[in-house]
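Enquirer: sequence below, structure please.
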Amino acid sequence: MRRAREPCRPWSDGLPPELLDIILRYLTCLADRVYFAAVCRAWRSVAQFHKGTPCQVPCLLLPSPVAPSFLSLQSGATRRLYLSESVRAARLCGSHEGGWVALALDQWRGYSALNLRSGAMVPLPDRLRIPSEHGWIDTTCEHHMVIRTVTFSGTPSTDGCLAAAHVSSASNIAFWRTGMDRYWIACRRNVDVIEDIIYYKEGFYVLSNTEDVVVYTPNIVDGDDPLVMSSTSYLVQKRADYKPDSRLPKGVSMSRYLVESRGKLLMILRHFKHKQRREFRIFEMNLAVGGGGSEASWVELHALPGRMLLLGRGCSRAFEVSQFDTLPVGNIYYLNDTSFNLSLASSNGSCYPRTNMSVYNFHKTRNKTRRYPRKFTSESSVPIWFIP
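Expert: Numbering: from 1, shown residues only. Below is the predicted model:
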């Protein structure tokens, strides 16, 4: 009589923990580590007790009402993202470290800050109040507003967190603080055309299309007193080859972004023309000596040593490449967000145009723009950088 064959032992159970630990070191993407831990109990145990979680580079969140996903720049893989139906159809308008995104659940209203990892949600108002010349706020006069982008000073759920939003309303910029559940407040001073907003050194720095900078800071951060914002302007010396947007050659457009890198404020210019090569230039803000801190100039950088950039309205970031193994120095990953026009989307049934996400290497003299990962079309939102 033949003996019954013993069941085969799963191959995954036979790998020694030392080898699994080595494999785990090379999985720098958080999603890949989750898949690793889901293989079996032995692998889950190794992942649980593994020391040294690597620094996480943002993922590119690709929204979709049907099957949202995200692209990992570290592994190059696109992973499915499982969200509730209401969140899948939302319009994304900002992000913050720790898994937070700002979104409009009903495209043009129903604003919230949502943590995609924990599910925590902080409601954001959809009304705007304008202070008078004397500083007091008329509580009887509120304006509807559409949020374009949101930038947070910290974790949205913590006390004292501030937010600045580029909006379409009676003012083009609005401010919020944790606990303000009825309205945002405006500042008496607007920026003519807003290009980008960043939270930098205890204030919101706002870049205009003339490359000037206005800084908004709160008069009172804590307490029950109403939030009041003050504004100061830098006297920015125009660079030698500066031209207003109205004087650019026909068919040429320009986008401007603010990024903090190594404690400095950078302005990135992106020149582009339809079906032609993109060009990037990087400038660092330098304060004038003896100018009382209010005079500055943009000094051009011709190299980006040890760094890479991720560009997107209100969510741009700079990273040290030494923290990662697979990302080259000088890469600029950018979204063609200039084609995402909210006015066009509103008149087109909230359908956003097809666009490309691309990567450009700042250090190459002959640079061919490379698309990643594919052409993207969404009926709900623009893509955005998601920071785990």
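Enquirer: now the chain, which segments are flagged as low pLDDT?
Expert: Scanning the chain with the threshold set as pLDDT under 70 gives 1-14, 50-55, 133-140, 220-224, 274-278, 290-293, 325, 336-356, 365-379.
Enquirer: what is residue 208 paired to in the beta sheet?
Expert: residue 194 (DSSP bridges).
Enquirer: so who does it touch?
Expert: Residues counted as contacts of residue 208 (Cβ atoms under 8 Å, 6 or more residues apart in numbering) are 191-195, 214. C-beta coordinates here come from the backbone N, C-alpha and C atoms, glycine included.
Enquirer: let's see that with 10 Å instead.
Expert: Shown in contact with residue 208 (Cβ atoms under 10 Å, 6 or more residues apart in numbering): 191-196, 214, 233, 236, 256.
Enquirer: got the end-to-end distance for stretch 244-253?
Expert: Terminal residues of stretch 244-253 lie 11 Å apart, using Cα to Cα, to the nearest Å.
Enquirer: which residues in the stretch 101-250 of the chain form strands?
Expert: 111-115, 121-123, 127-129, 143-144, 146-152, 162-168, 173-177, 184-186, 194-200, 203-208, 213-218, 229-233, 235-237 (DSSP state E, counting those that start in this stretch).
Enquirer: between the contacts of residue 208, which is nearest residue 82?
Expert: Nearest to residue 82, judged by Cβ to Cβ, of the contacts of residue 208 is residue 196 at 31.4 Å.
Enquirer: quick one: the closest one from residue 282, how far?
Expert: 14 Å (Cβ to Cβ, to the nearest Å).
Enquirer: ok, now which ones touch residue 100?
Expert: Counted by Cβ under 10 Å, 6+ apart, residue 100 has contacts 94, 113-118, 120, 122, 152, 154-157, 386-387.
Enquirer: and for the residue nearest to it when sequence neighbours are not counted, the neighbour number?
Expert: In space, and not counting its chain neighbours, residue 100 is closest to residue 115: 5.3 Å by Cβ to Cβ, 6 or more residues apart in numbering. Neighbours of residue 115 under the rule other Cβ atoms under 10 Å: 17.
Enquirer: which residues are in contact with residue 115?
Expert: 96, 98-101, 121-122, 155-157.
Enquirer: and the gap between residue 39 and residue 77?
Expert: Per Cβ to Cβ, residue 39 is found 16 Å from residue 77.
Enquirer: kindly apply the preceding question to residue 153 instead.
Expert: 32 Å.
Enquirer: what about those two, which has more around it?
Expert: Remark: of residue 153 and residue 77, residue 153 carries more neighbours, 21 against 15, as counted by other Cβ under 10 Å.
Enquirer: find the nearest non-adjacent residue to that one, please.
Expert: residue 162 (4.2 Å).
Enquirer: the strands of the stretch 101-250 of the chain: which one's closest to residue 268?
Expert: Closest to residue 268 of the strands of the stretch 101-250 of the chain is strand 194-200 (Cβ to Cβ; 9.2 Å).
Enquirer: can I get the CA coordinates of stretch 168-185 in PDB?
Expert: Output of stretch 168-185 as PDB, limited to C-alpha atoms (Å, rounded to 0.1, in the frame of the first residue of the first chain):
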ATOM      1  CA  SER A 168     -12.800  82.000  -6.200                       C
ATOM      2  CA  SER A 169     -15.000  84.400  -4.300                       C
ATOM      3  CA  ALA A 170     -15.100  88.000  -3.100                       C
ATOM      4  CA  SER A 171     -11.400  87.500  -2.300                       C
ATOM      5  CA  ASN A 172      -8.900  85.100  -4.000                       C
ATOM      6  CA  ILE A 173      -7.300  84.000  -0.700                       C
ATOM      7  CA  ALA A 174      -8.900  82.700   2.500                       C
ATOM      8  CA  PHE A 175      -7.700  81.500   5.900                       C
ATOM      9  CA  TRP A 176      -8.900  78.900   8.400                       C
ATOM     10  CA  ARG A 177      -7.900  77.700  11.800                       C
ATOM     11  CA  THR A 178      -8.900  74.500  13.600                       C
ATOM     12  CA  GLY A 179     -12.300  74.900  15.200                       C
ATOM     13  CA  MET A 180     -13.700  77.400  12.600                       C
ATOM     14  CA  ASP A 181     -16.600  75.300  11.300                       C
ATOM     15  CA  ARG A 182     -18.700  78.000   9.800                       C
ATOM     16  CA  TYR A 183     -16.500  80.200   7.600                       C
ATOM     17  CA  TRP A 184     -13.100  81.100   6.300                       C
ATOM     18  CA  ILE A 185     -11.800  84.600   6.700                       C
END
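Enquirer: which one, of the strands of the stretch 101-250 of the chain, ends up nearest to residue 267?
Expert: Nearest of the strands of the stretch 101-250 of the chain to residue 267, taken as Cβ to Cβ: strand 203-208 at 6.6 Å.
Enquirer: could you give the separation of the closest one from the chain centroid?
Expert: The gap between where strand 203-208 is centred and where its chain is centred comes out at 15 Å by Cα atoms, centre = their mean, to the nearest Å.
Enquirer: same deal with stretch 287-307?
Expert: The answer for stretch 287-307 is 23 Å, by Cα atoms, centre = their mean.
Enquirer: using CSV, list the CA coordinates for it.
Expert: Extracted in CSV, the C-alpha atoms of stretch 287-307 (Å, rounded to 0.1, in the frame of the first residue of the first chain):
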residue,chain,number,x,y,z
LEU,A,287,17.3,88.6,1.3
ALA,A,288,19.2,91.8,0.7
VAL,A,289,21.8,92.8,3.3
GLY,A,290,20.7,95.8,5.2
GLY,A,291,17.2,95.7,3.7
GLY,A,292,15.5,95.2,7.0
GLY,A,293,14.3,91.8,5.8
SER,A,294,11.8,93.1,3.3
GLU,A,295,14.0,93.4,0.2
ALA,A,296,14.9,90.3,-1.8
SER,A,297,15.9,89.0,-5.2
TRP,A,298,15.6,85.7,-7.2
VAL,A,299,19.1,84.2,-7.8
GLU,A,300,19.2,81.5,-10.4
LEU,A,301,20.6,78.0,-9.6
HIS,A,302,22.2,76.1,-12.4
ALA,A,303,22.4,72.8,-10.5
LEU,A,304,20.3,70.8,-8.0
PRO,A,305,23.0,68.8,-6.1
GLY,A,306,21.7,65.8,-4.3
ARG,A,307,18.0,66.7,-4.7
